[in-house]
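Peer 1: Just the structure for this:
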Amino acid sequence: MNGNLVARVAAWLRNLPAALAAGIVALVILAAATAIIVQSESSYQQQKSEETRVQGEILAASIVAALDFGDSVAAQEAAEAMRVNRQIRGVAIYDRAGSRVAGYRRDGQPQKPTLAESRATATPGLVAEAPVVSGGKQIGVVRLVIDRQPIDTRIGRYALIGLLVLMAAVFVIVLGIAQSMLRRANLELEARAATLAETNAELTHQIAERAKAEDQLRQAQKMQALGQLTGGIAHDFNNLLTVIQGSADMLQRPGLAEDRRKRFADAIVQAAARAAALTGQLLAFARRQPLQPEVIDVNAMISGMIELLDRALGERVKVETDLAEGVCTVEADRAQLVSAVLNIAVNGRDAMPDGGTLKIATAVHEGENGPMIAVCVHDEGLGMDAATIERAMEPFFTTKAAGKGTGLGLSQVYGFATQSGGDLHIHSEPGEGTRVTILLPCSGLELTPAAATETSSRRGLTGNVLLVEDNEEVGEFAEALLRELGHQVTRARSGAEALEIAAVARFDVVLTDVVMPSMSGIELADTLDRLYPGTPIVLTTGYSDEIARSGAGGRPVLLKPYRLEALASVLEDMLAAKPHAIS
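Peer 2: Model prediction:
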């Protein structure tokens, strides 16, 4: 109903001449301004009365203790504090008998000695009284007198309102005169807005289609990379499984000669070792390989690799070194670092089919988080273009002929470097060779001299071993290996079962898998350390996010698949140390 009325009034005003419509609107504004002035005056008086009452209550609350103890000085100080409000004409504080205790008048005149006299005297301005209450009883009264609004302030406010009304009236008249021009402009703008809305809708549709196409492209690229990765893994593992399966089949044939039996067994061992190495490369690329860091003198390590590099690279490749003096040590997995340098060197050899010089240099590089060691391997080969460099660290990407490489070399190096807190840089130009730089953070630690090992005194050490393995086949195999080495073995199939056994038995070493349901091997090891401090514990795993993320807590890690020699070595190391037992 109200909406229809407003619409009819607006239509009626639009049909009037602009000047007349503006005059009517100006009169309406003037009437509204008058109403506003009246309402403002009433509201102001109410607000002022409320403010006076609140100020009186605040003062009353602040002098409760003063009246309770008859402290007129404290009461006077509280009253004097109200002088900051210049609209307060006077403050008077009376006790429960109505006698004045403290107060002041801004005009300097004496105040009435009693509350009754003060109330009986006519007072200009607004008056507010507030009781002073202590323990639920009234012990006094605060009386405030505040000025009404000064006449000049009132006139100024009304003048301001009048000026605003006048300005509004002039503004309305100007708007009325410009009404016809605005109507024409509005019609033109409406037409342009409609066109813009159609264009915006089309643009929004195109953006949505483009985003959809980009998502589909990214998904296709992910699937392509995943297909390339899984295809490469399947290809290499099928080759290895072919050797293993074929050799196993041959070993099952009756009447097999001893030399052929040994040859097929060696083929199985070698293929399994290559499969384990391939798995290690995949984990290093994914930065999930459990590393075994140690403090390494990089210069000494590279110097010790020269003979290995000469054999691996052949006679056509000359190896030169430029090892900077005073290079700091790094804390990294020695086997992974050696493998990384060797992988880069082999790539450099393959890039120089006619031979050449391979330079290995070290230097200190200042990184964002401190000094880093730069191990640079530079070949004089064919080089790479920008597109090849961009894909060089992708898994299974290779420019070599079929059967000449898995394409995991640089991806494995990159995974090792980043997992060790460093980075990998490649610089190359076609025809100008390639420079690959491994960056590793300086450790700041000094080399620890290797302890002398008396092999004769450690060989054949045996003890009582608690084996914790949830996989039945792996558990049976590990138990057979341990018994083959002469150890006494007790098998547990979970962490909880291992704790129950450890509570009643005594063991020289605990050999536990890391990835187990309910309680992981690391959780079990932490619990055993807490219950039986000094317990010798060896962790075994083929892949563990927990170890890759936070480490093994200083415990030795036996990586699966492990060989009999590796198992014997790690157990002998634990048994040769100071003996501890759990019971």
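
Peer 1: for the protein, what's the longest helix?
Peer 2: For the chain, the helix with the greatest residue count under DSSP state H is helix 179-251.

Peer 1: now the helix or strand just after it against helix 179-251, angle please.
Peer 2: Using DSSP states H and E, the next helix or strand after helix 179-251 towards the C-terminus is helix 258-285. Per axes from the mean of the first three to the mean of the last three C-alpha atoms, to 10 degrees, the angle that helix 258-285 makes with helix 179-251 is 160 degrees.

Peer 1: could you say what helices and strands the helix or strand following helix 258-285 packs with?
Peer 2: Proceeding N to C from helix 258-285, the next assigned helix or strand is strand 293-296, under DSSP H and E. Here strand 293-296 touches strand 330-333, helix 334-350, going by 3 or more C-beta pairs under 8 Å, 6 or more residues apart in numbering; DSSP states H and E. Every C-beta, even on glycine, is put in place using the N, C-alpha and C of the backbone.

Peer 1: Between these, which one is closest to M250.
Peer 2: Closest to M250 of the helices and strands packed on strand 293-296, according to C-beta to C-beta: helix 334-350, at 31.7 Å.

Peer 1: Tell me which helix or strand comes right after the closest one.
Peer 2: Sequence order places strand 356-367 as the next helix or strand after helix 334-350, per DSSP H and E.

Peer 1: Would you format the helices and strands packed on strand 293-296 as CSV with distance to S118, mean pLDDT and mean neighbour count included?
Peer 2: CSV is the format used below for these (distance: least, C-beta to C-beta, whole Å; pLDDT from 0 to 100; neighbours: other C-beta atoms under 10 Å):
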stretch, distance to S118, mean pLDDT, mean neighbour count
strand 330-333, 88, 82, 23
helix 334-350, 95, 82, 21
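
Peer 1: got CSV for those, with distance to E190 too?
Peer 2: Shown next, in CSV, are the helices and strands packed on strand 293-296 (distance: least, C-beta to C-beta, whole Å):
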stretch, distance to E190
strand 330-333, 71
helix 334-350, 69
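
Peer 1: N238: which of these is closest?
Peer 2: Nearest to N238, of the helices and strands packed on strand 293-296 and by C-beta to C-beta, is helix 334-350 at 23.0 Å.

Peer 1: Give the burial count for G156, as a bare number.
Peer 2: By other C-beta atoms under 10 Å, 11 other residues sit near G156.

Peer 1: Quickly note the distance from it to T114.
Peer 2: 39 Å (C-beta to C-beta, to the nearest Å).

Peer 1: what's the answer for A120, then?
Peer 2: 9 Å.

Peer 1: now M384
Peer 2: 105 Å.

Peer 1: Looking at the two, which one has more neighbours?
Peer 2: M384 (21 against 15).

Peer 1: ok, the residue nearest to that one when sequence neighbours are not counted - contacts?
Peer 2: Taking C-beta to C-beta, 6 or more residues apart in numbering, and ignoring the residues beside it in sequence, M384 has S428 as its nearest neighbour in space, at 4.3 Å. Neighbour list for S428: 383-384, 388-389, 434-435 [criterion: C-beta atoms under 8 Å, 6 or more residues apart in numbering].

Peer 1: so of those, which ones are in strands?
Peer 2: 434-435 (DSSP state E).

Peer 1: can I get the contacts of S428 in JSON lines with distance to R100 and pLDDT?
Peer 2: Converted to JSON lines, the contacts of S428 look like this (distance: C-beta to C-beta, whole Å; pLDDT from 0 to 100):
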{"residue": "G383", "distance to R100": "104", "pLDDT": "82"}
{"residue": "M384", "distance to R100": "101", "pLDDT": "81"}
{"residue": "T388", "distance to R100": "100", "pLDDT": "74"}
{"residue": "I389", "distance to R100": "96", "pLDDT": "71"}
{"residue": "T434", "distance to R100": "101", "pLDDT": "88"}
{"residue": "R435", "distance to R100": "97", "pLDDT": "89"}
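
Peer 1: Which of the contacts of S428 sits closest to A363?
Peer 2: R435 (12.3 Å).

Peer 1: can you tell me how far that closest one sits from K359?
Peer 2: 9 Å.
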